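In: Got a predicted structure plus its sequence, pasted below:
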Amino acid sequence: MPGSATRPAELTVAVVGATGVVGRTMLAVLEARRFPVGELRCLASERSAGRTTLEFRGVRHPVRLAEPAALEGCDVALFSAGAAAARALAPAAVAAGVAVVDNSSAFRQDPQVPLVVPEVNGELLDSAPPLVANPNCSTIQLTVALAPLHRAFGLRRVHVATYQAASGAGRALVDALRSQSAAVARGERPQTASYPHPLAGNVVPGGWRADGDATEEERKIVFETRRLLGLPALPIGCTTVRVPVAVGHAEAVWAAFSTPVSPDEARAVLAAAPGVVVHDRLAEDRYPTPLEAAGTDPVWVGRLREDLGEPGGLSLFVVADNLRKGAALNAVQIAERLAGAAAGR
């Protein structure tokens, strides 16, 4: 990726899976952050290719078929098309000299592929690796909050319960939530076709693929948090839950440390941490909520207090827009740093 330290060169950028909720958010984030896009290629499956256009900087761009030929000549490709598409297309793109940031689970457990949250372990991007894995949405916001606390106090154990929005499962569940909510408003029992249970008026501690007694999502959070923080033996307990919210994941977190920490000390550390907003005045009903976080970039942290079951430990509440920092924004931040690393070579 050519460029200079003062004015980056315009790049040819592909968004693979551009018609999905994360792909469309990637386009919005690229535009909002003024990423140096010279040529944009919107790529998707046969269902959308040739039938859809997407707007970027006031111009409608045709959606093309996601195939190796469509990636030739690109400088960077942001993938959000699922693991199967990533495995099929990303290696060919890398071989063609394209820097790939993949939002799927395809490469997250590959030790040769960096798994990166820029605020947590962004130094892994300084060597401009050709392929980078974007972590799970829930893991990203969790580690953005935990990493500065770990650096200051030494993380010893974590428990987390997630409250995950429908958009984390894609547009179909968001549409289902809307129709189910309308049914509930009419006094009807909500129906479901694409999820194990209705989501409107409900919370569902499942809906992800089972992996033994855990869900696949719970396994991802445990593995990826350990890898991102560089703590392969960190004890982590996790329960993932889907809630009737369109956008914005929330997490209740309990953390224990090698050095006892007070809530005021934790607030000071987090207030100085990149990508974090401390929103924490319980007496004034000021604390993070998904509705407030939706459409914003930071990870919001509140309800900081001593863990009553672990003196010297912390309880906290962490919220972020799962489509932005949990997916598209993190991917674009990775691409920005990769472009800078390549330009500085």
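Out: That came through, no problem. Residues are numbered from 1 along each chain as shown.

In: any chance you could map the strands in the stretch 1-150 of the chain?
Out: With DSSP state E, counting those that start in this stretch, the ranges of strands along the stretch 1-150 of the chain come out as 11-16, 37-44, 53-56, 59-65, 76-79, 99-102, 131-133.

In: any idea which of those strands is most buried?
Out: The highest average neighbour count among these, using mean count of other CB atoms under 10 Å, belongs to strand 76-79 at a mean of 28. The way it works is simple: take the backbone N, C-alpha and C, and place the C-beta from them, glycine included.

In: mind listing what that one pairs with, with the direction of each?
Out: In the sheet, strand 76-79 lines up against strand 11-16 (parallel), strand 99-102 (parallel) (DSSP bridges).

In: I'd like the strands of the stretch 1-150 of the chain as CSV, with mean pLDDT and distance to Asp321 appended.
Out: Shown next, in CSV, are the strands of the stretch 1-150 of the chain (pLDDT from 0 to 100; distance: least, CB to CB, whole Å):
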stretch, mean pLDDT, distance to Asp321
strand 11-16, 98, 18
strand 37-44, 97, 22
strand 53-56, 96, 20
strand 59-65, 96, 24
strand 76-79, 98, 17
strand 99-102, 98, 18
strand 131-133, 98, 20
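
In: Could I get the strands paired with strand 76-79 in a markdown table, plus columns for distance to Leu173?
Out: What follows is these, written out as a markdown table (distance: least, CB to CB, whole Å):
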| stretch | distance to Leu173 |
| --- | --- |
| strand 11-16 | 22 |
| strand 99-102 | 22 |
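
In: closest one to Ala252 among those?
Out: strand 99-102 (29.2 Å; CB to CB).

In: Show residues contacting that closest one.
Out: The contact list for strand 99-102 (CB atoms under 8 Å, 6 or more residues apart in numbering) reads 1, 75-79, 86, 90, 93-94, 128, 130-134, 331, 334-335, 338-339, 342.

In: all helices for the stretch 51-200 of the chain, in order.
Out: Using DSSP state H, counting those that start in this stretch, the helices found in the stretch 51-200 of the chain span residues 68-71, 83-95, 118-121, 137-153, 171-185.

In: For Tyr163, which of those helices is the nearest?
Out: helix 137-153 (9.7 Å).

In: Output the closest one as PDB, nothing but the C-alphas.
Out: Output in PDB follows, covering the C-alpha atoms of helix 137-153 (Å, rounded to 0.1, in the frame of the first residue of the first chain):
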ATOM      1  CA  CYS A 137     -17.800  -8.400  18.500                       C
ATOM      2  CA  SER A 138     -18.300  -9.200  22.200                       C
ATOM      3  CA  THR A 139     -14.600  -9.900  22.700                       C
ATOM      4  CA  ILE A 140     -13.600  -6.500  21.200                       C
ATOM      5  CA  GLN A 141     -15.500  -4.400  23.600                       C
ATOM      6  CA  LEU A 142     -14.600  -6.600  26.600                       C
ATOM      7  CA  THR A 143     -10.800  -6.400  25.900                       C
ATOM      8  CA  VAL A 144     -10.900  -2.600  25.200                       C
ATOM      9  CA  ALA A 145     -12.200  -2.200  28.700                       C
ATOM     10  CA  LEU A 146     -10.000  -4.900  30.400                       C
ATOM     11  CA  ALA A 147      -6.700  -4.300  28.700                       C
ATOM     12  CA  PRO A 148      -5.900  -0.900  30.500                       C
ATOM     13  CA  LEU A 149      -7.000  -2.400  33.800                       C
ATOM     14  CA  HIS A 150      -4.800  -5.500  33.200                       C
ATOM     15  CA  ARG A 151      -1.800  -3.200  32.500                       C
ATOM     16  CA  ALA A 152      -2.300  -1.300  35.700                       C
ATOM     17  CA  PHE A 153      -3.400  -4.000  38.100                       C
END
